[in-house]
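K.L.:
Here is my input; please provide its structure:
(one chain, ligands or ions: 1)
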Amino acid sequence: MNKKNITVWGARFKQKTSDLFQNSGTSIDIDKRLYNEDIKASIIHVKMLSKQKIISIKNAKNIIEGLKKIHKEIKNNKFKFQKKYEDIHLNIEKRLFEIIGKDAGYMHTARSRNDQVITDFKLWMLTATKEIIFEINSLIKTIIIKTNKNLNVIMPGLTHLKNAQPIYFSHYLLACVEMFNRDKKRFISNLDNLYENPLGVAALSGTSYKIDRFYTTKHLGFKKPTNNSIDTVSDRDFALDFLSSSAICSLHISRISEELIIWNSDAFKMINLSDKILTGSSIMPQKKNPDPLELLRGKSGTSFGNLNAMLTILKGLPLSYFKDMQDDKEIVFNTFDNIKKCIKILNEVIRNIKPNKIRMLNLAGEGFTTATDFADYLVQKKKISFRNAYKLSAKLVDYAEGKKKRLDQLKIEELKKIKSDLGIEALKVLNVTNSVNSKRSFGGTSLYNVKKMLKKYKKEFNA
Ligand code: ARG
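P.N.:
Prediction:
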C-alpha cells in the first residue's frame, strides 16, 4: 500500500488523490453539522452489532467510549476537522482509530456511508422539521393575538390592486393563519417519510450479517425500517419534501411581505410599522424604509432556487448512490437557516404593525365598493335577476362618479332615480359596515364569522 495514501480505501490505490479533487470533493465544512446524529447513529449501530454477536461486547464498549470522547471534543471545539478525510463520517472514524486503536476497525461492519449519511441526515431533518413547525406555530399565535386586538377594523379588500369590496382586517389576518396552518400541516406530513430508518441497507443491496434493523429503528427514534435497499440509498425525496414545503412557506411569507410593503407605502398609508423594524436612508433624512419586509420577499428567491437545484441534481441519476447527492446537505441547511430566520422576522414584523384604522375605513368606502351589495339587495328584495340588478347598480355607480360622491353619500331621492320603488332601507346596503357584516356565508368576512373562526383558532393554538 502507498504509505502516503491516508484514505480508508487506500488499500488498492497507488496514487494520492489530487489536491484539487480533494479540496472540491470534501464536504466536511458542510456536514460537520451532522456530528451529533452521526455519533448517535454509530453508537446504536455498534450496540446492535454486539447484541447480534457480530462484534464482541468489549469491542463495542471501547468504540462507544471513544465515540463519546469524540462527541465531547467536537462540542468543546477541541476536534480538528480535516479536509483530507472528506466528510464527517470518516473524520470521526479516523479520530476513533487514534483514540482506541484497531478496535475502531469494527465500527463500520454491516454498513456503508451510503446508509450512514442518510440516517444522519434524516435524524437531523426530523429535528429541523420540528423546529420549523414550532416557529410556524408561534407565528400563527402572534397573528391570532393581532386578530383579537383588531377585530373591528374595516379595510378595502382589493382585486387587481383596485378597491373591490370592504373586508375586516381581522379576516385578512385569519387568511394568513390559514396559509401558515397549511404550511404547518405540510411539514407535519413530511415527518412520515423521515421516520423511516435507512440504517442497515448498506451500500445498496443490504447485508449478509444478521443485523437487527428493528432495534436500530427503535433506539434511533424512527418508526419503521425502510423497505427496499436500492430505493433507500437513492431516495432524497425527504429533502425535496422539506425544500418544497419551505419554498411554499417562503412564497406565503413573500406575498404577505409584498402586501405589507404596499400598505405601508405613502400612497396607501394603511399601516404604521414601528421604528424597530424600519431602517433609514444614508442620504434622505426623512426616509423610514421597510427593509425587513423586502428581505423576506427577496429570500423566497433563494428558497425556490434551492428546490430547483435539488430537483436538477436528482433528475438524471440512475438508482443508488452518486456523489452528486452530496450537495443535498448544503442546500437543505441553507434553506433551513433561511426559512427559520424568515418566519421569526415575520413574527416580529406582525407584532410591530399598527393598522391606521381611520385611513383603512375611509379607503374601504372609496371606489364604490358597495356596488355589489346594492345589486344583491335588488335581487333579494326586488326579485329581479342578478344581471339586471348589475346593470342598475352600474348606473348608480356612474351617477355617483359624475356627482363625485361616494355611494354612502347618496340620498334616497338619488337612488329613486335608478329605481323608483326603492325605500330608505336601500341606503343601508351602501354602508361599508353593513356590507361586511352581511357576508355571513361560511368563510365570509362578517364579524360573526371572524369571531367564530377566531375562537376555534384560539383554542387550537392555545393563544
Ligand atoms: N459525504 C458523502 C455524502 O454526503 C457520504 C456518502 C459517500 N458515499 C460514497 N459512496 N462515496 O454523500
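K.L.:
Nearest to the ligand: which residue in the stretch 151-300 of the chain?
P.N.:
Per C-beta to the nearest ligand atom, the residue of the stretch 151-300 of the chain with the smallest distance to the ligand is Ala203, at 7.2 Å. For glycine as for every other residue, the C-beta is placed from the backbone atoms N, C-alpha and C.
K.L.:
Tell me how many other residues surround Leu20.
P.N.:
Residues near Leu20, counting by other C-beta atoms under 10 Å, number 8.
K.L.:
please begin residue numbering at 325 from this point
P.N.:
Understood, numbering begins at 325; the last thing we discussed is Leu344.
K.L.:
Sticking with it, tell me its helix or strand.
P.N.:
helix 343-349 (DSSP states H and E).
K.L.:
Figure out how far that helix is from the centre of its chain.
P.N.:
Its chain's C-alpha centre and that of helix 343-349 lie 34 Å apart, by C-alpha atoms, centre = their mean, to the nearest Å.
K.L.:
Verify the stated contact: the residue of the stretch 475-624 of the chain closest to the ligand with Val441.
P.N.:
No. In this structure, Ala527 is not within contact of Val441 by C-beta atoms under 8 Å, at 11.8 Å.
K.L.:
quick one: which of these two has more around it?
P.N.:
Neighbours per residue (other C-beta under 10 Å) separate Ala527 from Val441, with Val441 holding more: 26 against 15.
K.L.:
dump the residue contacts of the more buried one.
P.N.:
Asp355, Leu358, Asp411, His413 (C-beta atoms under 8 Å, 6 or more residues apart in numbering).
K.L.:
Give me the contact list for the helix holding Leu344.
P.N.:
Against helix 343-349 from outside (C-beta under 8 Å, 6+ apart): Thr341, Lys407, Lys408, Glu410, Lys647.
K.L.:
go with 10 Å
P.N.:
The contact list for helix 343-349, computed with C-beta atoms under 10 Å, 6 or more residues apart in numbering, reads Thr331, Lys340, Thr341, Ser342, Lys407, Lys408, Tyr409, Glu410, Asp411, Lys647, Gln650.
K.L.:
The host helix or strand of Leu447: what's the following helix or strand?
P.N.:
Taking DSSP H and E as the criterion, Leu447 maps to helix 437-473. Using DSSP H and E, the helix or strand that follows helix 437-473 in sequence is strand 478-483.
K.L.:
Point out the residues in this structure that sit beside the ligand.
P.N.:
Ser351, Asp355, Asp411, Arg437, Asn438, Val441, Tyr645, Lys647, Met649, Gln650 (C-beta under 6 Å from any ligand atom).
K.L.:
Surely the last one is in a strand?
P.N.:
Translated: Gln650. No. Counting by DSSP: H, G, I helix; E, B strand; the rest coil, Gln650 is located in no strand; its state is helix.
K.L.:
Find me the pLDDT at it, would you?
P.N.:
As predicted, Gln650 sits at a pLDDT of 97.
K.L.:
Just list the residues touching it, thanks.
P.N.:
Neighbouring residues of Gln650 by C-beta under 10 Å, 6+ apart: Gly349, Thr350, Ser351, Ile354, Asp355, Glu410, Asp411, Val441, Ile637.
K.L.:
Output those residues as CSV; include the columns pLDDT.
P.N.:
CSV is the format used below for the contacts of Gln650 (pLDDT from 0 to 100):
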residue, pLDDT
Gly349, 87
Thr350, 93
Ser351, 95
Ile354, 97
Asp355, 98
Glu410, 94
Asp411, 97
Val441, 98
Ile637, 98
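K.L.:
Give the buried residues for the helix holding Leu447.
P.N.:
By 16 or more other C-beta atoms under 10 Å, the buried positions in helix 437-473 come out as 437-450, 452-453, 456-457, 459-461, 463-471.
K.L.:
ok, now stretch 529-546?
P.N.:
So stretch 529-546, judged by 16+ other C-beta under 10 Å, has buried residues Gly530, Thr531, Tyr533, Ile535, Asp536, Arg537, Tyr539, Thr540, Thr541, His543, Leu544, Phe546.
K.L.:
how long is it end to end?
P.N.:
21 Å (C-alpha to C-alpha, to the nearest Å).
K.L.:
Tally up the residues packed near the residue of the stretch 675-787 of the chain at minimum distance from the ligand, please.
P.N.:
Proximity of the stretch 675-787 of the chain to the ligand (C-beta to the nearest ligand atom) peaks at Phe785, 37.6 Å away. When counting by other C-beta under 10 Å, one arrives at 17 neighbours for Phe785.
K.L.:
Isn't it up against Leu498?
P.N.:
No. With contact defined as C-beta atoms under 10 Å, Phe785 does not reach Leu498; the gap is 11.8 Å.
K.L.:
Mind listing the shared neighbours of those two?
P.N.:
Ile467, Ile468, Asn505.
K.L.:
which residues in the stretch 675-787 of the chain form strands?
P.N.:
Counting by DSSP state E, counting those that start in this stretch, the stretch 675-787 of the chain has strands at residues 677-679.
K.L.:
quick one: the helices in it?
P.N.:
For the stretch 675-787 of the chain, the helices defined by DSSP state H, counting those that start in this stretch occupy 681-689, 695-706, 710-726, 736-742, 756-762, 771-785.
K.L.:
Alright, calling it a day.
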